[in-house]
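Participant: give me the fold of what follows.
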Amino acid sequence: MDDDQTLQNTTAQATEADESDMTPPVIAEKEPPRQARAAATPQIEPEVLLNLETMIKDYLVDVDKMRERIKTKRDMFKQSYEQDAEYSEVEEQQKEAKRKVQAAKEKVTKTDAVQTLQNEVKIMQEEMKELQGLLSENLNHYANMTNNTSFTAADGAVLKIVRTAKLVRPRD
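Facilitator: Predicted coordinates for the structure are as follows:
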């Protein structure tokens, strides 16, 4: 029974303390979620940025090394064919056949109707490239405005917005 008595005394003391402290509790203002804070104040920690830049540089070096290794292996692969006499003979026959096909193709291409079609296709391809560029710009703008990674097309199909980034060496 001593345990029951102790429990009752503790409960009574807690109730008295709660009743005597009638001041309303102070509610601390909630901090905005981490994403909202990051969007409001875009601060990049220098150490994180430095680590990211170092990783990118390391990957660039790895890509260059891999490119060289692939080139070496590819050259070895080509040499194995070139050293085979039967393969060299068949390849020479193939080159001759290609020359004949190319000559026939040039003969057809020189006609006015085919040249006109060829130019029309070239113009349409340039227009397509321009349209795709405009679409890409607008999709990026849409994704930035809405934070959506998908878009519903006119036919009702839900399409995923894919963003890509790559590094390109400038051409001199």
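Participant: so what secondary structure elements neighbour the helix or strand containing residue 136?
Facilitator: According to DSSP states H and E, residue 136 maps onto helix 112-146. Helices and strands touching helix 112-146, by 3 or more CB pairs under 8 Å, 6 or more residues apart in numbering; DSSP states H and E, are helix 85-109. Backbone N, C-alpha and C define where each C-beta goes, glycine included.
Participant: any idea of the angle the helix holding residue 136 forms with helix 85-109?
Facilitator: Relative orientation of helix 112-146 and helix 85-109, computed by axes from the mean of the first three to the mean of the last three CA atoms, to 10 degrees: 100 degrees.
Participant: low-confidence ranges in the chain?
Facilitator: 1-42 (pLDDT under 70).
Participant: now do the strand or helix carrying residue 57 and helix 85-109, the angle between them.
Facilitator: Element membership of residue 57 [criterion: DSSP H and E] is helix 46-82. For helix 46-82 against helix 85-109, the angle by the same axes, to 10 degrees is 100 degrees.
Participant: what is helix 46-82 packed up against?
Facilitator: Short answer (3+ CB pairs under 8 Å, 6+ apart): helix 46-82 packs on helix 85-109.
Participant: which strands or helices does the helix it packs on pack on?
Facilitator: Helix 85-109 packs on helix 46-82, helix 112-146, going by 3+ CB pairs under 8 Å, 6+ apart.
Participant: turn these into CSV, including distance to residue 170.
Facilitator: CSV is the format used below for the helices and strands packed on helix 85-109 (distance: least, CB to CB, whole Å):
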stretch, distance to residue 170
helix 46-82, 15
helix 112-146, 20
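Participant: and residue 105, which of those is closest to it?
Facilitator: Closest to residue 105 of those is helix 112-146 (CB to CB; 9.9 Å).
Participant: ok, residues contacting the helix or strand that comes right after the helix holding residue 136?
Facilitator: Going down the chain from helix 112-146, the next helix or strand is strand 150-152, by DSSP H and E. By CB atoms under 8 Å, 6 or more residues apart in numbering, the surrounding residues in contact with strand 150-152 are 139, 142, 158-161.
Participant: also stretch 137-149?
Facilitator: For stretch 137-149, the external contacting residues (CB under 8 Å, 6+ apart) are 151, 160-161, 163.
Participant: just the ones in helices from those residues, please.
Facilitator: Among the contacts of stretch 137-149, no member falls in helices (DSSP state H).
Participant: and the residue nearest the centre of the chain, backbone torsions?
Facilitator: Residue closest to the average C-alpha location in the chain (CA atoms, centre = their mean): residue 164, at 3.4 Å. When read as degrees, to the nearest 10, the backbone of residue 164 gives phi -130, psi 150.
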